[in-house]
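In: prediction below, plus the sequence it came from.
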Amino acid sequence: MTPTVLPERAAPVVRADIGGERGRTAPRIVGVGVATPPSSYTQHELVDLFRVRDPRIRSLFLNSAIERRSLRLPPELPDGTRRVETQGELLRKHRDSGLDMGRRALLACLERAGAVPDDVRYLCCVTTTGFLTPGFSALLIKDLGLRPDTGRLDVVGMGCNAGLNALNAVTSWAGAHPDELALMVCIEACSAAYVFDGTMRTSVVNSLFGDGAGAVALVAGDTGGALAPEVLKFASRIIPEAIDAMRYDWDDEHAKFSFFLDRDVPYVVGANAGAVVAELLAGTGLRTDDIAHWVVHSGGKKVIDSVMVNLGLTRHDVRHTTGVLRDHGNLSSGSFLFSYARLLDETSAGPGDHGVLMTMGPGSTIETALLRF
């Protein structure tokens, strides 16, 4: 969407909202990197692999606007079926696959930022698909040989919205430490959280989520003239009455954790999207029509459609979101970084353009960030 030019209005004035202080250089996004497991499957292949016969469940898979997803499936048994993994095996998958994807995403991000591991001064790791102690931040510092004095943070269990929650914290750190490189990586091995029991509850999840990691690098300082967008402001809205609409809790019957998504999630998110965007743009002089680039979480076809309708967006506005959903499914907290990477690769963003990042997840919560290229 081309920004609307309104001669009768003064040009928008947007200040960086970093820690509430004026005059501080706004941190900029200087790199992004993504990674997925090597194995990728079409939705048709998945329903055949798991011998799904129920027409309702087959429809969930085949009418999801998803073509394929990267997953680490359970081992195959002699009869061609897939073995049911224990919770311990799922946690090991979370660790092993997560470390592999996180490493590759971080290295790709550093390469794009023109940096090396020794430049990193702060690392934030985000995940919801498993629990580790020590967490991914400590494991990746050792794995990548980062400096032992690297600051770190692990954000665990917040869900699909967590990438922007963590980006808020990382942006604040970067703003308080000029010229020092801060990294965030979202690591989601969603196949380490699957339950295969043929019910509609688990089938909604199994038809939607894919594995992936996305990393982003920020610095408050000179970026050498590169087109690195400033992170100007964040806005958040929690919907307490829908607190149980999205959750990851213990399933006594299967003795493992299991995701749950309420069928009304898309409508709850859509109905509240306008309010949080209005809060994000308040005091900036910007209107929704002035936003040139929208990077929305690929939460599912109905979620994307609901956000589009309620914000008055076009299919073109969410092309990267729908493209990520088509090619990878819902990648939980890292989805928006896959879409952001596609926006950069397209090279359509120009100096002075504004963009909005939007994620949504348990709480129910909508998170937003305002960028200026």
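Out: Great, that's in hand. Residues are numbered from 1 along each chain as shown.
In: what's near enough to touch L140?
Out: Counting by C-beta atoms under 8 Å, 6 or more residues apart in numbering, L140 touches 99, 102-103, 106, 123, 125, 146, 185. Yep, even glycine has a C-beta here, placed from its N, CA and C like the rest.
In: can I assume it sits in a helix?
Out: Yes. If the criterion is DSSP: H, G, I helix; E, B strand; the rest coil, then L140 is within a helix.
In: measure it to G214 for me?
Out: Remark: distance between L140 and G214 (C-beta to C-beta, to the nearest Å) = 14 Å.
In: what do you get for R51?
Out: 32 Å.
In: and D353, by the same measure?
Out: For D353 relative to G214 (C-beta to C-beta), the value is 21 Å.
In: these two: who's more crowded?
Out: G214 (34 against 18; other C-beta atoms under 10 Å).
In: that one: what's its closest spatial neighbour, skipping adjacent residues?
Out: L337 (3.0 Å; C-beta to C-beta, 6 or more residues apart in numbering).
In: tell me, what's touching L140 and G214 both at once?
Out: What both L140 and G214 touch, as defined by C-beta under 8 Å, 6+ apart, is the set V185.
In: helices of the stretch 1-150 of the chain, start to end?
Out: 43-49, 55-62, 87-113, 136-144 (DSSP state H, counting those that start in this stretch).
In: show me what the host helix or strand of R247 is packed against.
Out: Using DSSP states H and E, R247 maps to strand 246-251. Using 3 or more C-beta pairs under 8 Å, 6 or more residues apart in numbering; DSSP states H and E, the elements in contact with strand 246-251 are strand 256-261.
In: how much space between the spatially most central residue of the chain and R82?
Out: Compute the mean C-alpha point of the chain, and by C-alpha atoms, centre = their mean the closest residue is G334, 2.7 Å away. Note on G334: its distance to R82, by C-beta to C-beta, is 25 Å.
In: and for E67?
Out: 21 Å.
In: ranges for the helices of the stretch 201-350 of the chain?
Out: For the stretch 201-350 of the chain, the helices defined by DSSP H, counting those that start in this stretch cover 265-281, 301-311, 319-328, 335-346.
In: out of the ones you listed, the one nearest T86 is which?
Out: Shortest distance between T86 and these, using C-beta to C-beta, is found for helix 319-328: 26.7 Å.
In: tell me the buried residues in the closest one?
Out: Neighbour-count burial for helix 319-328 flags 320-322, 324-328 (criterion: 16 or more other C-beta atoms under 10 Å).
In: distance from that helix to the middle of the chain?
Out: Relative to the centre of its chain, helix 319-328 is centred 12 Å away, using C-alpha atoms, centre = their mean, to the nearest Å.
In: next, the angle from that helix to helix 335-346.
Out: Interaxial angle of helix 319-328 relative to helix 335-346 (axes from the mean of the first three to the mean of the last three C-alpha atoms, to 10 degrees): 110 degrees.
In: packing partners of helix 319-328?
Out: strand 68-70, strand 293-296, helix 301-311, helix 335-346.
In: got these as a markdown table, with mean neighbour count columns?
Out: Shown next, in a markdown table, are these (neighbours: other C-beta atoms under 10 Å):
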| stretch | mean neighbour count |
| --- | --- |
| strand 68-70 | 23 |
| strand 293-296 | 25 |
| helix 301-311 | 19 |
| helix 335-346 | 22 |
